[in-house]
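Q: Have a look; sequence and predicted model below, questions after that.
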Amino acid sequence: SGTWSTAPRAPRARAAATTTSRTPAPEARRVRGPGPWAACVCRVRALRPCPRVRGGGHRLEHGPTPLRCPATGQWPSATSLRGVTPEDLIAHYGLEPIPREGGRFRQTWAGPERPDGRPEGTAIVALLTAAPDDYSALHRLPADEVWHHYLGDPLELLLLAPDGGTRTAVLGSDVLGGQHVQFTVPAGTWMGGRVAEGGSWTLFGCTMAPGFTYGGYEHGDAAELTARYPAEAARIAGLCRS
């Protein structure tokens, strides 16, 4: 995380660059952030300090395209948020502890109620850190659940299938390296996850349709799961809590 895209960008005309540096266009703003990091004044995205702008400030372009630094023509990585801490995200989203499972979350959407009492769909944003006791405990749900990676370090998901098969899915931004920005866990699959080794925190989301209810949540038992999936005994022990 924290890397910049190096894809080539078409150079700007000299006249346009000169005009921008002296008289910002209405859609461009110059901002300076505390310390070595700058952040967009409309809080769209935090950016690396530009080495070509004196004082580490940025002139940010706002519009339908991603924000970039005009001085370098580079776009920042979606995960280049070096100044952001888990405490910042907890405060920003109003995250609260997830009962039994672990981590912190906030429900961001719930659809209308169905005849069976379940919502048509639900969505949450959630946070895990590298603290030893901060993980998503093994559990399973009666409907497919889509996991989305948003920011931070990779998230490793241990998946235990009903047919006895096991696999690990890694959510993260390195899609060409096999990570997933979106991953669907089939209904009835035991799932549990934690921040990948060497990481600090991960911000992700989960979406379900029909939506999540605590009545449909089944908490994993370490002894039972170890007996069913003995090859993953060590990881099961590390992803179960009473």
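A: Good, I have the coordinates.
Q: Report the strands that pair with the helix or strand where Val146 lies, each with its relative direction.
A: Element membership of Val146 [criterion: DSSP states H and E] is strand 145-152. According to DSSP bridges, strand 145-152 has the following sheet partners: strand 182-185 (antiparallel), strand 201-208 (antiparallel).
Q: nearest to Val84, of those?
A: strand 201-208 (8.8 Å; CB to CB). To be clear about C-beta, it is placed using only N, CA and C from the backbone, and glycine gets the same treatment.
Q: residues touching Lys171, list them.
A: Rather than Lys, residue 171 is Leu. Counting by CB atoms under 8 Å, 6 or more residues apart in numbering, Leu171 touches 147-149, 154-155, 157, 179-181, 183, 193, 202, 204.
Q: re the thing from before, which helix or strand lies directly C-terminal to the strand holding Val146?
A: Heading C-terminal from strand 145-152 (DSSP H and E), you reach strand 155-160.
Q: Kindly provide the distance from the closest residue in space to Ala161 that isn't next to it in sequence to Glu145.
A: Counting by CB to CB, 6 or more residues apart in numbering, Ala161 lies nearest to Thr189, which is 5.5 Å off, once chain neighbours are set aside. Counting by CB to CB, to the nearest Å, the gap from Thr189 to Glu145 is 9 Å.
Q: Report the beta-bridge partner residues of Leu159.
A: Arg167, Met191.
Q: What's the per-residue pLDDT of it here?
A: Leu159 is assigned 98 on the pLDDT scale.
Q: do the same with the one 4 residues further on
A: According to the model's per-residue confidence, Asp163 sits at a pLDDT of 97.
Q: what secondary structure does Ile236 sit in?
A: helix (DSSP: H, G, I helix; E, B strand; the rest coil).
Q: Thought Leu138 was touching it, still the case?
A: Yes. If you go by CB atoms under 8 Å, Ile236 and Leu138 touch, sitting 6.6 Å apart.
Q: any residues in contact with both of those two?
A: The contact lists of Ile236 and Leu138 share 158, 160, 220, 225, where a contact means CB under 8 Å, 6+ apart.
Q: now Thr213, nearest residue through space, not along the chain?
A: Arg118 (5.5 Å).
Q: got it, and Ser136?
A: Gly193 (4.6 Å).
Q: Pro210 now?
A: Arg118 (4.6 Å).
Q: cool, Gly94 as well?
A: Sequence neighbours aside, Arg106 is the residue nearest to Gly94 in space, at 5.6 Å (criterion: CB to CB, 6+ apart).
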